[in-house]
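>>> Structural data only, the sequence is not supplied:
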């Protein structure tokens, strides 16, 4: 119980990574791996726990809200067995997610969304048959960024030292900046209006609105940070027809030389008749070096469902994972999918 509580306070309900870490030990001389049967049982337990915990994806429990009758909400479509494991829907989002891999714009990483932490750990090679001849559409913070065919080898060995996603090449790399790619035709880009692009008057008012919402949640957080000022690292406004809102990264720090600490918020809010109202938040606090952080990559709307989603990262000291945060109701967003952990 003590182990679970310490992990819970770190800010991420990352069950599979916790269980795999407790049961897997590595040293300089040998790697101990779980048997496939044990991993299967582990994954079943983790998936069951995620069913109850993931919708909140937060340390501070959110109050349930009923859907607004004034805003149309497209419900997720049932799909293959992936829905029961990782939450990814291939018929909606395609067979893979593409991310930049290196400074070389022609080299990309292929995120395999149906892999969990346990199945990734036990994998010997990547089967990329479904991605052969796939055309990829790219998106960034400003919307659509281009299209390119994917050049990929159908089978690649898994690196044992560090769990890294397989790589591929683009025959026609986009000229515009991009942060994420999906199979062509699966999504359309939603441009984000960044804080940096606003004039000083608008940006000042925007920051006050963001920190006002963050201050409310900070009252239920770590009292060590009480009274400290917030810093808005990144913030973007979005428009979804009749619905508008923002997504923001907020941080505050304790600058103690012996033990510097940080508190990070990922916050989504939607505008109502009285101003912005919180629709989702996740909080993480801990050592400045190891605390979980987030990066907002892009916002898209999936063609099959009409459902908007924010693509963002859960980043840790030794690696990270990608996630989809989807709108499921009036002022209600939730994490629908998270990738397996990739890193060392």
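That came in fine, so what should we check first? Since the model is a prediction, treat every value here as computed from it, not as a measurement. Numbers count the residues shown, from 1 in each chain.

>>> Report the residue ranges of every domain in this protein.
With automatic domain parsing serving as the domain definition, the record reports that the chain contains domains spanning 2-51, 68-75+191-343, 89-187.

>>> With mean pLDDT and mean neighbour count as new columns, can those be given to me in CSV?
(Each C-beta comes from the backbone N, C-alpha and C, glycine too.) As requested, these are arranged in CSV below (pLDDT from 0 to 100; neighbours: other Cβ atoms under 10 Å):
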stretch, mean pLDDT, mean neighbour count
domain 2-51, 39, 14
domain 68-75+191-343, 89, 17
domain 89-187, 94, 18
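
>>> Which residue ranges of this structure form helices?
2-8, 15-23, 36-53, 82-85, 90-93, 117-121, 200-218 (DSSP state H).

>>> what's the closest non-adjacent residue to residue 229?
Excluding the flanking residues, the one nearest residue 229 by Cβ to Cβ, 6 or more residues apart in numbering is residue 252, at 6.4 Å.

>>> tell me the contacts of residue 206?
In this structure, residue 206 makes contact with 195, 198, 235, 237, 246, judged by Cβ atoms under 8 Å, 6 or more residues apart in numbering.

>>> re the thing from before, shouldn't the residue nearest to residue 229 be in contact with residue 227?
No: here residue 252 does not reach residue 227: they are 9.7 Å apart, not a contact under Cβ atoms under 8 Å.

>>> before we move on, the earlier item: nearest to residue 292, of the contacts of residue 206?
Taking Cβ to Cβ as the measure, residue 292 sits nearest to residue 235 out of these, at 18.9 Å.

>>> any idea how far residue 275 is from that closest one?
Distance check for residue 235 against residue 275: by Cβ to Cβ, to the nearest Å, it reads 16 Å.

>>> residues contacting the closest residue to residue 269 other than its chain neighbours?
Leaving aside its chain neighbours, residue 269 sits nearest to residue 276 (4.2 Å; criterion: Cβ to Cβ, 6+ apart). The contact partners of residue 276, taken as Cβ under 8 Å, 6+ apart, are 209, 213, 245-246, 269-270.

>>> at 10 Å what do you get?
206, 209-210, 212-213, 237, 244-246, 267-270, 331 (Cβ atoms under 10 Å, 6 or more residues apart in numbering).

>>> What's the separation between the closest residue in space to residue 187 that isn't next to it in sequence and residue 144?
Nearest in space to residue 187, with sequence neighbours left out and distances taken as Cβ to Cβ, 6+ apart, is residue 300 at 4.0 Å. Taken as Cβ to Cβ, the spacing of residue 300 relative to residue 144 amounts to 9 Å.

>>> any common contacting residues for the two?
Common neighbours of residue 300 and residue 144, counting by Cβ under 10 Å, 6+ apart, are 137, 187-190.

>>> Mind checking which of the residues you listed are in strands?
When those are checked against strands (DSSP state E), the matches are 137, 187-189.

>>> Hmm, residue 233 is touching residue 251, no?
Yes: when contacts are counted by Cβ atoms under 10 Å, residue 233 is listed as touching residue 251 (5.6 Å).

>>> which residues sit in contact with the residue nearest to residue 344 when sequence neighbours are not counted?
Using Cβ to Cβ, 6+ apart and skipping the chain neighbours, the partner closest in space to residue 344 is residue 162 (4.0 Å). For residue 162, the contact set (Cβ under 10 Å, 6+ apart) comprises 318-319, 342-344.

>>> wait, which of those is closest to residue 121?
Checking the contacts of residue 162 against residue 121 with Cβ to Cβ, the nearest one is residue 342 at 11.1 Å.

>>> What's opposite the closest one in the beta bridge?
Beta-bridge pairing for residue 342 (DSSP bridges): residue 320.

>>> Quick check: end-to-end length of stretch 94-113?
Using Cα to Cα, to the nearest Å, the end-to-end distance of stretch 94-113 comes out at 9 Å.

>>> Figure out how far it is from the centre of its chain.
Computed by Cα atoms, centre = their mean, to the nearest Å, the chain-centroid distance of stretch 94-113 equals 15 Å.

>>> mind checking how far residue 238 is from residue 224?
Spatial separation of residue 238 from residue 224 under the definition Cβ to Cβ is 33 Å.

>>> Ok, residue 213 next?
From residue 213 over to residue 224 (counting by Cβ to Cβ), the distance is 21 Å.

>>> can you check residue 248 too?
22 Å.

>>> Could you do residue 169 as well?
Using Cβ to Cβ, which is the criterion applied here, residue 169 is 48 Å from residue 224.
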